[in-house]
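Undergrad: Below is the structure, and that's it, no one-letter string:
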């Protein structure tokens, strides 16, 4: 079985690699010649645990190929997956120009029946636009070839994407015909040995499912951050509250950890896009607007604590920041709370020294030389007035606090992820600030 994946970003590269892992002949296509040449040499454009090893193995076995030519790659393919970017516009809407450009090229060059699958996260109605674009391109060349448009949203967690794809908890597919469904069933059969289902539905419902899922998770995060802020005012401990509500099976323990807000490539963009989709159709997503407002405010919580402790003028002070990526096990800096936090510190006159295990290069694209990047977490502490923990990388969870005490000017820690135990920090002589603690 042969398929083509268009786009070698996070979704496209993981999808293509994992399909090749189960024996499918995959060609990943991208217009970026430099990126394709790099992938052919084993140079990864993204950081994702386990991805490089899997790419190299399947390239060596001849099951995974990289190309800049879509017209050549789709020959003999049974399905083509569109996995290109859908960047948000200023109004929050998803920009579909790259998706529709691929659809047009598919229609111009396909030579047999294809299932044209939208893998990118797109608003409801996009598959219909893809279908119309392919149809027009076929008409322009006087072709009567048949095809089907389908939607197959991804549910991959950065840092665990390989595992999520190989052992999914569910696969959502929107199709219009039995022929398309059979091809998609054949593609995904190797991944269903764990007993979890492929859920087939109409195309608009599949498109909506992706947005609804991410928006629900974002809602849980913002709700818990709102509760955490109230806990501080009322003298409650959000960690105890979290355990209390998390034991309720209707709520569960996932995504109810308070912190400095969510970031990344999905939640912020998808929440904005769903709000905009609703507005375009005469409806207001009142809950989601509040989710977004809470998250934006939450990114300032840690600096507000810094100002409360040190005052509003931080000129001449230096702060150590541990963690730059929006979450552990990725180098993704998109919408990362660290950028907001660091820029706020800089605006108050402070200097910042930061360390992240993998995101330093990506962080430099956003922050440039406005901060100092250190070789490890301890170097960041040298002569710093306080430590801000922003991303909960595993290596930050049990540091050598004896060393930390010697390097910091003041034994002050602002913990943006509630990684450390408040009582333990106090016993060690630290002034400790967490999120939602009394």
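TA: Sure thing, it's come through. Note that this is a predicted model, so its numbers are computed, not measured.

Undergrad: From here on, just use CA atoms for contacts and neighbour counts.
TA: Noted.

Undergrad: so residue 334, which of the three states?
TA: Assigned by DSSP: H, G, I helix; E, B strand; the rest coil, the conformation of residue 334 is coil.

Undergrad: how many neighbours does the closest residue to residue 146 other than its chain neighbours have?
TA: Residue nearest to residue 146 in three dimensions, not counting chain neighbours: residue 113, with 5.3 Å by C-alpha to C-alpha, 6 or more residues apart in numbering. Number of residues near residue 113 (other C-alpha atoms under 10 Å) recorded here: 14.

Undergrad: Repeat that for residue 250.
TA: For residue 250, the neighbour count with other C-alpha under 10 Å is 8.

Undergrad: secondary structure class for it?
TA: Going by three-state DSSP: residue 250 is coil.

Undergrad: ok, now which ones touch the residue nearest to residue 146?
TA: Applying C-alpha atoms under 8 Å, 6 or more residues apart in numbering to residue 113 gives the contacts 78, 145-147.

Undergrad: can we see that at 7 Å?
TA: Contact partners of residue 113, counting by C-alpha atoms under 7 Å, 6 or more residues apart in numbering, are 145-147.

Undergrad: Quick one, which of those residues are buried?
TA: The neighbour-count criterion (16 or more other C-alpha atoms under 10 Å) marks residue 147 among the contacts of residue 113 as buried.

Undergrad: re earlier: for the residue nearest to residue 146, give me the pLDDT.
TA: Among the per-residue scores, residue 113 holds a pLDDT of 97.

Undergrad: Please enumerate the strands of the stretch 251-400 of the chain.
TA: Assigned by DSSP state E, counting those that start in this stretch, the stretch 251-400 of the chain shows strands spanning 318-322, 351-355, 372-373, 386-389.

Undergrad: would you list these in a markdown table and tack on mean neighbour count and mean pLDDT?
TA: What follows is those, written out as a markdown table (neighbours: other C-alpha atoms under 10 Å; pLDDT from 0 to 100):
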| stretch | mean neighbour count | mean pLDDT |
| --- | --- | --- |
| strand 318-322 | 26 | 98 |
| strand 351-355 | 23 | 98 |
| strand 372-373 | 18 | 98 |
| strand 386-389 | 25 | 98 |
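
Undergrad: how about the helices in the stretch 201-350 of the chain?
TA: Along the stretch 201-350 of the chain, counting by DSSP state H, counting those that start in this stretch, helices occupy 203-234, 238-246, 267-280, 286-298, 301-310, 337-347.

Undergrad: any idea how far the spatially closest residue to residue 296 that is not a sequence neighbour is from residue 395?
TA: Nearest residue to residue 296 in three dimensions, chain neighbours excluded: residue 261, at 7.3 Å (C-alpha to C-alpha, 6+ apart). In this view, residue 261 and residue 395 are 21 Å apart by C-alpha to C-alpha, to the nearest Å.

Undergrad: what about these two, which has more around it?
TA: The neighbour count for residue 261 versus residue 395, taken as other C-alpha under 10 Å, is higher for residue 261 (26 against 10).

Undergrad: Surely that one and residue 300 touch.
TA: No. With contact defined as C-alpha atoms under 7 Å, residue 261 does not reach residue 300; the gap is 9.1 Å.

Undergrad: export the contacts of residue 113 to a markdown table and tack on distance to residue 164?
TA: Output for these, formatted as a markdown table (distance: C-alpha to C-alpha, whole Å):
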| residue | distance to residue 164 |
| --- | --- |
| 145 | 35 |
| 146 | 33 |
| 147 | 29 |
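
Undergrad: and which of the contacts of residue 113 is nearest to residue 277?
TA: Nearest to residue 277 among the contacts of residue 113: residue 147, at 27.3 Å, using C-alpha to C-alpha.

Undergrad: That closest one: what's it in contact with?
TA: Taking C-alpha under 7 Å, 6+ apart, we find residue 147 in contact with 113-115.

Undergrad: now do 10 Å
TA: By C-alpha atoms under 10 Å, 6 or more residues apart in numbering, the contact list for residue 147 reads 78-79, 107, 110, 112-116, 131, 134-135, 179-180.

Undergrad: Model confidence at it, what's the number?
TA: In this model, residue 147 is scored at 98, pLDDT.

Undergrad: Going by mean pLDDT, which of the helices of the stretch 201-350 of the chain comes out lowest?
TA: Lowest mean pLDDT within the helices of the stretch 201-350 of the chain: helix 267-280, at a mean of 92.

Undergrad: Buried residues in that helix, which are they?
TA: Neighbour-count burial for helix 267-280 flags 267-277 (criterion: 16+ other C-alpha under 10 Å).

Undergrad: what would those look like in JSON lines with distance to residue 317?
TA: What follows is the buried residues of helix 267-280, written out as JSON lines (distance: C-alpha to C-alpha, whole Å):
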{"residue": "267", "distance to residue 317": "34"}
{"residue": "268", "distance to residue 317": "32"}
{"residue": "269", "distance to residue 317": "35"}
{"residue": "270", "distance to residue 317": "37"}
{"residue": "271", "distance to residue 317": "37"}
{"residue": "272", "distance to residue 317": "36"}
{"residue": "273", "distance to residue 317": "40"}
{"residue": "274", "distance to residue 317": "41"}
{"residue": "275", "distance to residue 317": "40"}
{"residue": "276", "distance to residue 317": "42"}
{"residue": "277", "distance to residue 317": "45"}
